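Visitor: generate coordinates for the sequence data below:
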Amino acid sequence: PNENVMHAHVGFAKSVGRVLEASRITAAWIPVGISIGALAETIDYTKNRHAFNAPLCSNQLVQEKIARMTAMTSSSYLLAERVTNDFIKGKCRLPAIAMMKAHVSRTGREVVSLAREMLGGNGIVLDYLIASKFADMESAFTYEGTYDINVLICGRAITGVASIKSGLAIKNEIARSKL
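Guide: Numbering: from 1, shown residues only. Model (predicted):
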């Protein structure tokens, strides 16, 4: 039917581009969920694992790391929620989505690294799930645009200067410099 036809005036940003932006938002929620899981697993582990007749969570450095993990996880959740809500309202474009994806995947990597660190040797065995969360976070870091590409998209929006260049653009720059 005619009502399902994409008309010429719709354009990329209102059609395919919107779908790609939505998939990047969805992909950005993955590191948030992994971070929440790693934080919960770490809190449970440090409460139940004892050393020197005291739970690991009674140590100052453990509490500092758990507080840092909580702050990073909370900020990632809040940023993802805000960008998602703005996107639903039509008030959000690719630079904000890219910034969110970059932030949540970078901080998520730090969260799972701290979790692995606090579980010690148990952080690298599959019995405690942190090792699998670590692997999951690495794939989320790369999925739907690596951290670096997302940051460059954001940087282009901030500065107005594109630093991502195609092979053809680089070839043309080299050719012009030889003139």
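
Visitor: in the protein, which spans are helices?
Guide: With DSSP state H as the criterion, the chain has helices at 16-48, 60-88, 94-118, 130-142, 147-159, 167-177.

Visitor: residues in contact with the fifth one: which ones?
Guide: Helix 147-159 is contacted from outside by 94-95, 98-99, 101-102, 105-106, 141, 145, 162-164, using C-beta atoms under 8 Å, 6 or more residues apart in numbering. (Glycine included, C-beta is placed from N, CA and C.)

Visitor: please redo it, this time with the cut-off set to 7 Å
Guide: 94-95, 98-99, 101-102, 105-106, 141, 162-164 (C-beta atoms under 7 Å, 6 or more residues apart in numbering).

Visitor: got a winner among the residues you listed for most neighbours?
Guide: residue 101 (32 neighbours; other C-beta atoms under 10 Å).

Visitor: so it touches residue 28, yeah?
Guide: Yes. Counting by C-beta atoms under 7 Å, residue 101 touches residue 28, with 4.2 Å between them.

Visitor: contacting residues for the spatially most central residue of the chain?
Guide: The residue lying closest to the centre of the chain (C-alpha atoms, centre = their mean) is residue 105, at 2.3 Å. Applying C-beta under 7 Å, 6+ apart, we find residue 105 in contact with 31, 140-141, 147.
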